[in-house]
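Asks: Let me see the structure of the following:
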Amino acid sequence: MTETRDAIGRPTDEELTARILAETREQLLRDGYAGLKIDRIVRAVGCGKSAVYRRYTDKAALVTAAIVHVTILGDVPDTGSVRDDLLVHAQQNQETQSGSLSGTIGLVLFDPDVFPLVWEQFLVHRRDAGRLILDRAIARGELPADTAKDIILDTVAGLTLYHQTVKGRALSPDDYRGVIDALIRTPPRRTAAP
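Replies: I've put the predicted structure just below:
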């Protein structure tokens, strides 16, 4: 068991942290966010409430850590083709959603206390990776300079989220290619602010 020290000098047990996060994910899948109880987590893990609150300020922070703990950002693809890069990026996103964010856990992202934390700790990094892909495509001349990057990224991510969370099924590479091809053939353009 590896021990580290937090900012106050108190020892933290990485194994205990991993057990707390795993139990949190298990309870989320079983009971949803509203049904998740810190008391049940500490009983299942065999620790005190203080062990949880030393690590996480509240339930939303705990749930966010449980989700982010098992997500993988992945490398930003750079194949030289916007089509191929967006496909890899979309498949990375699908893999993340089919693992840590599947089912009930995916729905917890819409909780107003959890979403800002997950955005800050993970989703913004996925978005930045997608923007980098599109910036490179613009620099190579594959897309016009006024491409509405967020619309492209939202379309592909939303497609994944809908299929994974609502329909409970994964998309095939061909499903993605069709959407990506349409988006890069006629890319949405930025419009002047109203």
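Asks: which helix is the longest one in this structure?
Replies: Ordering each helix of the chain by length in residues (DSSP state H) puts helix 14-35 first.
Asks: Report all helices and strands that it contacts.
Replies: helix 38-45, helix 49-55, helix 59-69, helix 103-108 (3 or more Cβ pairs under 8 Å, 6 or more residues apart in numbering; DSSP states H and E). Backbone N, C-alpha and C define where each C-beta goes, glycine included.
Asks: Residue ranges in this structure under the pLDDT threshold?
Replies: Along the chain, segments meeting pLDDT under 70 span 1-12, 99-106, 192-194.
Asks: can you list the domain ranges for it.
Replies: Under the assignment named as automatic domain parsing, the residue ranges that make up the domains of the chain are 3-69, 82-185.
Asks: and Asp75, which of those domains is closest to it?
Replies: domain 82-185 (8.5 Å; Cβ to Cβ).
Asks: what distance separates that closest one from the middle of the whole chain?
Replies: Computed by Cα atoms, centre = their mean, to the nearest Å, the separation of domain 82-185 from the middle of its chain amounts to 10 Å.
Asks: Tell me which residue lies nearest the centroid of the protein.
Replies: Among the residues of the chain, the smallest C-alpha distance to the mean C-alpha position (Cα atoms, centre = their mean) belongs to Leu123, namely 4.9 Å.
Asks: For my notes, confirm it occurs in a helix.
Replies: Yes - judged by DSSP: H, G, I helix; E, B strand; the rest coil, Leu123 forms part of a helix.
Asks: Val63 is in contact with Tyr33, correct?
Replies: Yes - Tyr33 is within contact range of Val63, at 6.5 Å (criterion: Cβ atoms under 8 Å).
Asks: Tabulate the helices and strands packed on helix 14-35 (CSV), appending mean neighbour count.
Replies: As requested, the helices and strands packed on helix 14-35 are exported to CSV (neighbours: other Cβ atoms under 10 Å):
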stretch, mean neighbour count
helix 38-45, 16
helix 49-55, 15
helix 59-69, 21
helix 103-108, 18
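Asks: Excluding chain neighbours, what is closest to Ala60?
Replies: For Ala60, the nearest residue in space outside its immediate sequence neighbours is Asp113; the separation is 3.7 Å by Cβ to Cβ, 6 or more residues apart in numbering.
Asks: and the one you found, what does it touch?
Replies: Asp113 makes contact with 58-60 under the criterion Cβ atoms under 8 Å, 6 or more residues apart in numbering.
Asks: same question, Arg177
Replies: Neighbours of Arg177 in contact, by Cβ under 8 Å, 6+ apart: 83, 87.
Asks: Could I get the buried residue list for the helix or strand harbouring it?
Replies: Assigned by DSSP states H and E, Arg177 falls within helix 173-185. Buried residues in helix 173-185, counting neighbours by 16 or more other Cβ atoms under 10 Å, are found at 176-177, 179-180, 183-184.
Asks: would you list these in JSON lines and tack on distance to Gly168?
Replies: Written out in JSON lines, the entries for these read as follows (distance: Cβ to Cβ, whole Å):
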{"residue": "Tyr176", "distance to Gly168": "18"}
{"residue": "Arg177", "distance to Gly168": "22"}
{"residue": "Val179", "distance to Gly168": "19"}
{"residue": "Ile180", "distance to Gly168": "23"}
{"residue": "Leu183", "distance to Gly168": "25"}
{"residue": "Ile184", "distance to Gly168": "28"}
